[in-house]
Every structure is written in C-alpha cells, then in structure tokens.
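Undergrad: fold the stuff below for me.
(chains A and B)
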Amino acid sequence: MFRSALPTSLRAVPRARIATTSLPLASTRALIATPNRTAQPALKQDTPDTDMPAPVRTTAQWADFGREHIGRGLGRLRDHVIVKGEGMELITADGERLLDFTAGIGVTNLGHCHPVVSAAAAEQVSSLVHMQCSIMFSAPYLQLIERLLPVMPHPSLDSFFFWNSGAEAVEAAIKLARQATGRQAIVCFQGGYHGRTMGSGAITRSKTIYTQGTGPLMGGVFATAYPYWHSLGVTSETPEAELVRLAEHHLDMLLRQQVAPNEVAAMIIEPVQGEGGYVPCPPAFLHHLRAVCDKHGILLIADEVQTGFFRTGKYFCVEHSGLRPDIMVFAKGVANGFPLSGIVSRKELMDKMDVGSLGGTYAGNAVACAAGVASQEVFQTGEIEANVAARSEQLYNALHALKASPKTGHLIAEIRGLGLMTAVEFRMPSDPLTLSGLAPNTHVPKDIGKRVQQYCLERNLVTLTTSCFDTIRFIPALIVSQEEMQKAIDIITAAVENVAREG
Amino acid sequence: MPAALLSTTHIRPLELKRAPHLTTSTAGLQDIAEKHITKGLGRLRDHVFKEGKGLREGRQLLDFSSGIGVTSLGHAHPDVTAAIIAQAQSIIHVQCAIALSEPYVQLVESLLAMMPDPSLDSFFFWNSGSEAIEAAIKVARTSTKRNNIIVMQGGYHGRTSGAAALTRSKTSFFSGTGPLMPCVYTTAFPYWHALGFPKDTPEDVLVDHAIMQVENLLQQQTAPEDTAAIFLEPVIGEGGYIPAPTRYVQHLRELCTKHGILLVADEIQTGFYRTGKPFAIEHSGVVPDVIVYAKGFANGMPISGIVTRKEIMDSMAPGSLGGTYSGNVVACAAALATTRYMRTHDIAANVNARSEQIFQGLKAIQEDTANGGWIIEEVRGKGLMVAMEFKDPQSKLTSKHHLGDNVKLPAYLSKLVQDACLDRGLLTLTTSIYPVLRMIPALILSEEEVDEMLRIMAESVKEVASKVETQARA
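TA: Reported below is the predicted structural model:
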C-alpha cells in the first residue's frame, strides 16, 4: 500500500550489515548434533494429543483459539492475527494491509522491522542472547550506554540501569529515589500513567481499570493536580497561565496539608501526559516543579517512556522546556519493539544505591540492547527531527481544519499534543465542561471517538483512544511519509464528517 | 527482507563529521561501565561477554549458571536462533491489546500441550518473572475478592514492588525502597536451617512443624476468608535450593481447596524440565490453581506468563491486564522454538541422567573429607537445580568442624569456592543468606561437561579447604 525506496541515510550507516538469510527450521536440525554432545537425547514418540508440527489453522481458527485460551483480562481492539510488519504497514494472516497509526502504542518509532534494527538483532542472536547483568557484562549493554550518553538532555545524566518494561523502569526510579534520599513519599499527578505493576500502578492516576480489584498497592503515594482543564474542572478556554496557577496551588496545599516536603523522595511527571489524554505540560509548571524540588531536596523524575526518542520532535521531550530532571525513565522507542527500558540519573545519586539492590534476570537483554544500539544509529544519523516537524505540521493543519469547519467543528473540544504525539478530544453530550463555546441546543453525537476509531479501522487505518475522556490519539511511526500521512488524514476527516452526519 | 519495500528517503541523512562512536575493546567497554552503570547493579565479574555456544562462553568459560536458569537449551541454540532471526525480519512488536500475532497464539498452543493438567487452560504473557508474579497477584485478588497473600520464609518472587513484597529470601532486593505492597503474611517453610533445627532432622518433623505454623497463621494473622492466595516455589530458589516436601505441598493444596484460597506455583526457576518434569509441582502430584513461569522457556528472550483456569481468569475485566511490550513477538517465537524442542526431544532423560551423575559426584566430593569435603555441610536440590551448602561460622547449626575450637572458618566458603571455580574456568552462582553455592546448567549438558565440572569442583573445594587448614595450623 505505502512503499518507497531505501533511504540514503541507511546506506550511510557504517554498521549495517543486512543479513537477510533466515534459516528455515528444517535446515537447522543438522546443527543440533554438535560434536561435543555425546549423550544425544532420543526423539520422543509423539503422544496422540501433541500436534507436531502445529496443524494448519485458518485465521478464524487461530482467532477462536486465541479468544478461548488467552486471558479475558487482556482486552484487544481486534482479533486480527498479524503476521508481518513493514514500515507503516501491518499485514494480517488474511493478507489485509493496515496503516498503523499506533506504532504499537508509540514503540516502533522507526517503523516495523526497520532493516538496520532487524539486521543488528539477527547478528546479535547468533552470538549471545542472554548475559545476566549481575553476572557479567554483554558488549551491546555497554555499547548502548555509549550511544545514549551524548544525547542525554543534560550532561549530568550519566549513570544507567536497564530493565525490561517501562513499568519496571519506573519502579527502578522509585527505588533510586527512596534509597538516595532516605525518604518514602512519592508525588504523582492526576491523569498520570506509569505502568501496571504494583509500584507503577500505585502512582498511576489515568484510569481505574489498570488496578481495580487488585489492591492494596504500594504505599506512600500522594497525587496532585496537573494543568489540564478537564481534570481541573474548568473549561477548555481557560488560559494556560490559570491552569498552571491552579496546579501550583494544589501542589502547595498537598505539601502543607498531606505530606511534609522533607518526607517526599520524588515527584514523577510525564512531560506530555500519555494515557491521561495527551496533555503537554506547560513549561512554566515544569520549571515550578524544578524550583520546589530544589528547595526541598526532592528528586524530579521525568517519565519519558512515551515521549522519548523523537516522539515529540526532540530526542527527549524535556528538551522543549529545558527542564533538567534528576532521573529520566525511558522505554518504548528505545529499541524499536524489543523489550528494553531504563533509567538514567547522575552518578552521585546512583552510587548511593546498595550493591545488588537493582537487577532482574532478563534485565538488559543483549538482543534488545543490540536493537537499541542500531535504533540510536538511525535516530542519530537520519533527520528524524525534520520529518516529525513536517508531518506533525501537516497533521495539525488537517485537524485544525476539522475544528474550523462548520460540518465538524462542533464535535471537537480540543486538539493538542506535541510533535507526533497528537490527540483530538471530542465533546461529550454528558459532560458540560466539553460543551463550552457551543451554541445552545447544538446536537453533539455520543461516543464520537470510538465511532471515528471504528470507521478508520473499517478502512484499514488503526488508531487508539486514550484517557477516561473521549479522546482519540495519533502516534504513527516517525518515518511516516507525506503520502501516508495524507492518506490517514483523508480517512480521519471522512470519519469525523461521517459521525457528524450520522449525529 | 526486500530492501525496496521499506522506505525512508524523506528522512535526510545528517551531515556528521564522523559516525557515532562504537567502542568494541574490552578495556574501553569496562571503562564505560565503571563510569556509567549504576552501582546498584552488583556484578560477579567485569568480564565482557560477546559470544556463547551451548555451555561455553567466549574465552572458554564452562557455564553452570545458564544466566540464572534461563538458557535451558544452552547459549545460541540453533533452533531458537533461527526462529528469532526469521521473526525479527517479519514483525517484532504487535501490541497485545491491539491485535494477535501468530507466534503469540502458537505459543499458547504449545504451552497448553505441556500443562500438568487440562484445567490450566487460560494464559497471559508479560515480560519478566516479576511482572508475571504481579499478574498472579492481580488475578488472585480479583477472582477471590480478598486481599491477603501468604508466602514462604525464604521465598523469592521478584524485584518490583508487588513481587518484592512477597520476597523473603534477602533484604538486599528491597531495603530502603519501601513501603512496598501491603497484606503479605509469611509462613515457615520446611528447611532445617531456617527453622533452626539440626541438619539431620527427619523431613516429617520439618513438615509437621511447617504445617503447624501455617495453620496457626490462618487463625492468628490472616483469616482464611481474607486470604487470596498462597505463593509457593516447588523448589525454593534464592532462598537456598530446598525442594518442598511432597506432604507439605499436598497439605497446602488441601488447605487452599478447603478455604477457596488459590495455590500459586511459582515455577519461574523450576519450570520447563529444570527439575526433571515439565513442571516441578508434578513431583508432588498436586495441581495448582495458577502457575507462574519465565526464565527457561524462551532460552534467553524476555517473556514470562501465568496460566490458570478460564473460570478464574474470566474474573479479570478486559483491560485489567496488559503492558506495552507484553508477549513480544520475537520472544514468543523464541519460546515457541524452545518449547517445541523440549516437546520433541527426551530432555527429561538427560536431566535425570546428568542430575544423578552430578549428585553422585558431589556427594563423593563431600565424603572425601581428606581432600576438603568436610567444608560441605549439605548437597541438595532436584534435577538440575543443584546446591552445596557450606559450613557457616555465623550459624550455631553448621559451624562445627574438626580443626579446633579456636579456629573460626571464613564466612561464605561458598564465595571462596565460587572464586576458585571461576579461576579454573567454571561459572557457578551463590544464593541465599547462607553459604550456598548453586549450579543450574543448561538442560542439554553432556556427561563430559559434568565430569569437567566435578573435576574443577573437587580441585576448588580442596584448594579452599587446605587454605583454611593451613591458616588453622599457623
């Protein structure tokens, strides 16, 4: 559907040795009998209920099987079975091509199976997959640090620890903050999302589904207001300075009424709230937090799990405001789909941790690190920044056109975001706050976001909603081309117009 | 993958004076590590590993750790390598709450066939063992509508807040990082050293004692109707490699069934033939309500999961489980290849044969008191989870020796032996707060590799013991 030639930037990358040979399983049988293995395990006779090899199943059968045996708790947008990914495309087992405007929730920033990343992973896999990080080093682990050091948003960020998921990295940040300060309390923000594990779930305030019925969670957590009109209970016309003032006021109240500043180990914030609705944090508020933290010896943690790696147009989102965090958390875009996450802080803080207090069997998997190294190569040699700027301008222009249009403007409460982290919040007939500025008796359809998402999906454009408000988000890979963006814009526009027409 | 299909010509290359630097020298890499990796992450050695094949790594280290029980089929097993490469060129990340991927569903199919009981039929994948444990906590609390969780003294379940709150093997995993998740209660496990009983106490006595403790717990600390689950490792791992006696496991099963408490078997380290059966809980004949697994089933790629009955899993509302990376497609492909290998080769026979060879060999070393075997207090374990507990000057139970009352043994003889082994090219690990050395080699290890290990172990034990003896005489 959407193809183009190999970028020249890839040819310029020194390390890329693209090994495209994939060894079919059958041909590797001979390799199993290696010379120094004399006690050869015998072939087991298949018992009737094992199916070796797997029987041929149709897509429908696989989907049925999946529904039957995958836990209901894992919700799923669709029961498509995806077999391949190329750049902006997902290909289903039935051969349908989907235009992916999710990047797997902001992960595959370089597009699916970027050749440089796949090649690096393939090379690493034949060499060493797992070198447990508390036993010894693996070369890719160290090479990734080398790649990340020069692009840290502040030179003080020079000491690393890798884990597997964003949630785990958030937990590492909490451990670091508590050990380094000797304090327990963590301040988080209304609407914030940091993960699904007990610790990261305890500081998550975007939706109850992630943790409902599973508490009590980790203790010592306090939440305060974020400068977002909807959660503050004011209209979207409220000036940013007022939103900031209100949020500062609530923080002040927290520290006077709920938890003394000298008991707070850290404050943790996403520079653009993700699952909370794609709400960029006003720089003035970030700098206020920095000042409050400096005053009281509190550490400021920037959760860049979704905003990092050029998602918002810069390597890291804090670069927009110039904020210096004490700890930065990253994941998602770091290794273009391989499970890798980490924290970075200054050595002086990291050195306060007891030896052995960080770890994890899989942490810093060598293949994921090698993919991470290759990803940074592409980030650092291709002008991703320029493409993000151009494509995001293209997208915002289209979305603002929808807001300005008399056909569709009344459906939209706000368009916001930063770079290619973009969202449209729709009005909700049940929520008067979203109806401000509308002429009285204007009919506002229900469930606009879900219906737009559904319409898009029927035309093979995959998008996601977010937050407990009616918000749809667009997070395509950062390598999205002008043509691909235009195609998506056309579908989205038609989708919104369709809902407006349907009423 | 055809180069013409993926395009980013619209991404202009930057004009850089030189390409970003990539260090490859060992000294250079170690320097980066010293300056830029957190001190919180301890490390056995500062070797930099580039390659692994089977049980060998780089410059000829015989790996009896398999990365803490992960690379069950040895480093870079060809089947798994091929599967990962093929998958990495196809698709790497299909977010599990957006759509399914083939390897994800095929892995479920493969695992289904390995389950110890047909009741275990509903799956969820996450990335790490810790996360899978947290999923088990969520499922237990949601399905029973209760808060409290019972864990074993000496148990280890992970480093994230929830998993760490269940961990009772060592404080270093979570010291200074609390408060953690509340509502966790600890009960005694039938391990003589933790109970404070002599080493030769009959197993029945240990089991009776542990049973009495858990019954008391349910009357004094956490009422059965408030208790969601009991978490048990069928062989305690980080707590010292102690197999759970069958009668104890069966008693826990009865208790759980009687009170509607879920029995959660943490098989992260014991699963996938590590103890000679597909799952270690099978040794006791008990069917748990939930199994948690990770480590050995994807030969090094990060994937973990839980399995339970559909009726239990269905209590979880859609959206209550997830995670961006969970069930990574490449990791699923690796796990699929690994489990398929295990299902088509007699892994159990090799595990049992090598296990017998190892235990016989280590017992022989222990009995050879003239050559240092006296420093070994107990050899124990199951299958290819093997431990040697050494004498401990800090323990009233294991500090006695023949060198005279005024001679104090070194603390952590286990570490000294580990160092001596490493000097001779054998990689082993220690574990627990006691002086325990453990070996957890790949399941495909050969008779020759075991012989080599035994030779090195005998020499190392002899070296360490004779140093102690020499110092005593001085």
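Undergrad: please make it C-alpha for all contacts and neighbour counts, starting now.
TA: Fine.
Undergrad: show me the domain layout of the chain.
TA: Reading this off chain A. Segmentation of chain A into domains, based on automatic domain parsing, reads A:123-379, A:384-502.
Undergrad: please refer instead to chain B.
TA: With automatic domain parsing serving as the domain definition, the record reports that chain B contains domains spanning B:91-344, B:347-473.
Undergrad: tell me the mean pLDDT over the first one?
TA: Along domain B:91-344, the predicted confidence averages to a pLDDT of 96.
Undergrad: how far does that domain sit from the chain's center?
TA: Here domain B:91-344 is found 11 Å from its chain centre; the criterion is C-alpha atoms, centre = their mean, to the nearest Å.
Undergrad: hmm, back to that, can I get the domains of chain A in TSV with mean pLDDT and mean neighbour count?
TA: Converted to TSV, the domains of chain A look like this (pLDDT from 0 to 100; neighbours: other C-alpha atoms under 10 Å in any protein chain shown):
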stretch	mean pLDDT	mean neighbour count
domain A:123-379	96	23
domain A:384-502	96	19
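Undergrad: most centrally placed residue in the chain?
TA: Here I'm looking at chain A. A:Gln306 (3.4 Å; C-alpha atoms, centre = their mean).
Undergrad: not quite, I wanted chain B
TA: Taking C-alpha atoms, centre = their mean as the criterion, B:Gln269 is the residue nearest the geometric centre of chain B, at 3.1 Å.
Undergrad: surely that residue forms part of a strand?
TA: No - checked against DSSP: H, G, I helix; E, B strand; the rest coil, B:Gln269 lies outside a strand; its state is coil.
Undergrad: list the contacts of it.
TA: B:Gly69, B:Gly237, B:Tyr293, B:Ala294, B:Lys295, B:Gly296 (C-alpha atoms under 8 Å, 6 or more residues apart in numbering or on different chains).
Undergrad: surely the second one is in contact with B:Gly155?
TA: So that's B:Gly237. Yes - under the criterion of C-alpha atoms under 8 Å, B:Gly237 makes contact with B:Gly155 at 7.3 Å.
Undergrad: overlap of the contact sets of the two?
TA: What both B:Gly237 and B:Gly155 touch, as defined by C-alpha under 8 Å, 6+ apart, is an empty set.
Undergrad: any idea which of the domains of chain B is most buried?
TA: Greatest average neighbour count among the domains of chain B goes to domain B:91-344 (a mean of 23), per mean count of other C-alpha atoms under 10 Å in any protein chain shown.
Undergrad: quick one: contacts for A:Lys403?
TA: For A:Lys403, the contact set (C-alpha under 8 Å, 6+ apart) comprises A:Gly409, A:His410, A:Leu411, A:Ile412.
Undergrad: tell me which entries of these lie within strands.
TA: If you go by DSSP state E, the contacts of A:Lys403 have A:Ile412 in strands.
Undergrad: in CSV, list the contacts of A:Lys403 along with distance to chain B.
TA: Converted to CSV, the contacts of A:Lys403 look like this (distance: C-alpha to the nearest C-alpha, whole Å):
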residue, distance to chain B
A:Gly409, 29
A:His410, 29
A:Leu411, 26
A:Ile412, 25
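Undergrad: which single one of the contacts of A:Lys403 is nearest to A:Met353?
TA: Compare each of those with A:Met353 using C-alpha to C-alpha and the shortest gap goes to A:Ile412, at 48.4 Å.
Undergrad: residues in contact with the residue nearest to the closest one when sequence neighbours are not counted?
TA: Of all residues not flanking A:Ile412 in the chain, A:Phe426 sits nearest, at 4.4 Å (C-alpha to C-alpha, 6 or more residues apart in numbering or on different chains). Contact analysis of A:Phe426 by C-alpha under 8 Å, 6+ apart lists A:Leu411, A:Ile412, A:Ala413, A:Glu414, A:Thr434, A:Ile448, A:Gly449, A:Asp470, A:Thr471.
Undergrad: what do you get if the cut-off is 7 Å, keeping everything else the same?
TA: Applying C-alpha atoms under 7 Å, 6 or more residues apart in numbering or on different chains, one finds that A:Phe426 lies in contact with A:Leu411, A:Ile412, A:Ala413, A:Glu414, A:Ile448, A:Gly449, A:Asp470, A:Thr471.
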